[in-house]
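*Asks:* Take a look and give me a structure for this.
(one chain, ligands or ions: 2)
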Amino acid sequence: MTTNQVKSENLNISSRKLWLAAIKPPIYSVAVIPILAGTAVAFAETRNFTPNICFTFLGSAILIIAWLNLSNDVFDADTGIDVNKAHSVVNLTGNQSLIFWLSNLCLLLGFCGIALICWWQKDWMVFNLILLCCALGYSYQGPPFRFGYLGLGEIICFFTFGPGAVSAAYYSQTHNFSLACWAVATLIGISTSIILFCSHFHQVEDDLAAGKRSPIVRLGTARGAKVLAILTISIYLGTTILSILGYLPQTTWLIFASLPIAFQLVNHVAQYHDSPQKVSNSKFIAVNLYLVSSTLLITGLVIS
Ligand SMILES: C/C(=C\COP(=O)(O)OP(=O)(O)O)CCC[C@H](C)CCC[C@H](C)CCCC(C)C
Ligand SMILES: O=C(O)C1=CC(=O)c2ccccc2C1=O
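*Replies:* Numbering: from 1, shown residues only. Ligands and ions are numbered 1, 2, ... in the order given. Predicted coordinates for the structure are as follows:
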């Protein structure tokens, strides 16, 4: 291989890495888990499962998360907060309006899927719930609200990915709501918000420069690490209390098998909270905790 061929190979690899970081495949688990969780509670309670509803919901949720992330890069390009972010789809393509319209297309297709479910069922509750979640998602990042800049992202994240998405998936299978559904939604909401919370530790400088008062900017990284520990403990404490009160089956205690990842996350952030480069992977440990703990919770529900 000539020197030029080696250089071009290296460029290809780093460009592939940037695109992967921009598309963020692991983040798409936040589309899959709430739908499977709501469907699993429905199955645990009724022993009924309607596959076409579940798979259409999954496809729509993935499209909605694509909208959320593409439009996040579009809106962040407007505020200038992503100037140093090489893995922004807008920075990579240099075409903000193309990404804007691509994101809108994803949203439209996602809504078509949800509308199809409601049309099959002649009941528009699920559509209204997801519309509300998307409106809140827009308010996190889009003008004139940009609530994420006020530090409200984690609260919005809790309600949309927890009670909103989980109850919509449950309702799509049962045409009802239940206490177990709200119990599982609370746990999923907390673990999703932990992902967003962790994503702010390494961005304090850029956030301050762009006037974004993320929870970590407000609390400082040291106190943020303590809040993370409390949030993480609350997943396990919550599961224990909810199952003792009878809202969840005891098989959901399977979630405790994810404790090693919880320790890894809390220790990593406690140790490196003020070192942006080292703490930057905490978001991916948080996604790992989310995936493993939610899968164990869902398994516990299905085998109950
Ligand atoms: C886009 C999100 C976070 C990225 O934030 P940030 O700009 O700080 O990160 P970068 O550094 O990567 O630019 C997530 C925001 C989530 C939002 C608060 C709530 C969204 C709700 C969804 C639309 C609900 C979808 C439900 C679905 C499962 C059907
Ligand atoms: O890019 C990100 O950092 C996130 C994207 C995203 O869609 C999401 C959804 C739910 C919780 C956290 C996050 C992110 O952190």
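*Asks:* Around ligand 1, pick out the residues from the stretch 151-300 of the chain.
*Replies:* For the stretch 151-300 of the chain, the residues in contact with ligand 1 (Cβ under 6 Å from any ligand atom) are Gly153, Ile156, Cys157, Thr160, Phe161, Ala165, Leu196, Ser199, Gln203. Using the backbone N, CA and C atoms, a C-beta is placed for each residue, glycine as well.
*Asks:* Who are the contact partners of the first one?
*Replies:* When contacts are counted by Cβ atoms under 8 Å, 6 or more residues apart in numbering, Gly153 is found next to Tyr140, Phe147, Leu196, Ser214, Pro215.
*Asks:* wait, the second one sits on Ala135?
*Replies:* I take that to be Phe147. No: using Cβ atoms under 8 Å, Phe147 is not in contact with Ala135; the gap is 11.4 Å.
*Asks:* Between those two, which is the more surrounded one?
*Replies:* Set Phe147 next to Ala135 and count neighbours by other Cβ atoms under 10 Å: Phe147 wins out with 16 against 12.
*Asks:* Which pLDDT does the model give the more buried one?
*Replies:* If you check Phe147, the pLDDT there is 98.
*Asks:* cool, and Ser15?
*Replies:* Predicted confidence (pLDDT) for Ser15: 89.
*Asks:* ok, now Trp119?
*Replies:* pLDDT, read off for Trp119, is 98.
*Asks:* got the contact list for Ser293?
*Replies:* Applying Cβ under 8 Å, 6+ apart to Ser293 gives the contacts Ser191, Ile235, Ile255, Ser258, Ile261, Ala262.
*Asks:* burial measure for Phe111, as a count.
*Replies:* Neighbour count for Phe111, taken as other Cβ under 10 Å: 18.
*Asks:* And for the one 5 residues further on?
*Replies:* Residues near Leu116, counting by other Cβ under 10 Å, number 17.
*Asks:* Leu109 too?
*Replies:* Look at Leu109: counted by other Cβ under 10 Å, it has 16 neighbours.
*Asks:* Can you tell me the closest non-neighbouring residue to it?
*Replies:* Excluding its sequence neighbours, the residue lying closest to Leu109 (Cβ to Cβ, 6 or more residues apart in numbering) is Leu63, at 5.0 Å.
*Asks:* thinking again about what came up before, could you flag which of the contacts of Ser293 are buried?
*Replies:* Ser191, Ile235, Ile255, Ser258, Ile261, Ala262 (16 or more other Cβ atoms under 10 Å).
*Asks:* so which of these would you say is closest to ligand 1?
*Replies:* For ligand 1, the nearest member of these is Ser191. The distance, counting by Cβ to the nearest ligand atom, is 13.6 Å.
*Asks:* Quick one: neighbours of Cys133, just the number.
*Replies:* Number of residues near Cys133 (other Cβ under 10 Å) recorded here: 22.
*Asks:* Return the residues in contact with Thr295.
*Replies:* Ile33.
*Asks:* if I look at it, how far off is ligand 2?
*Replies:* Thr295 sits 17 Å away from ligand 2 when distances are taken as Cβ to the nearest ligand atom, to the nearest Å.
*Asks:* Return the residues in contact with the residue in the stretch 101-250 of the chain positioned nearest to ligand 1.
*Replies:* Relative to ligand 1, the nearest point of the stretch 101-250 of the chain is Gly137 (2.8 Å; Cβ to the nearest ligand atom). Gly137 is in contact with Ile64, Leu68, Ile156, Thr160, counting by Cβ under 8 Å, 6+ apart.
*Asks:* Quick check: helices, which of those residues are part of them?
*Replies:* Of the positions in these, Ile64, Leu68, Ile156 sit in helices, assigned by DSSP state H.
*Asks:* helix/strand/coil for Arg213?
*Replies:* Following DSSP: H, G, I helix; E, B strand; the rest coil, the label given to Arg213 is coil.
*Asks:* in this protein, what spans have low per-residue confidence?
*Replies:* Counting by pLDDT under 70, the chain has low-confidence residues at 1-13.
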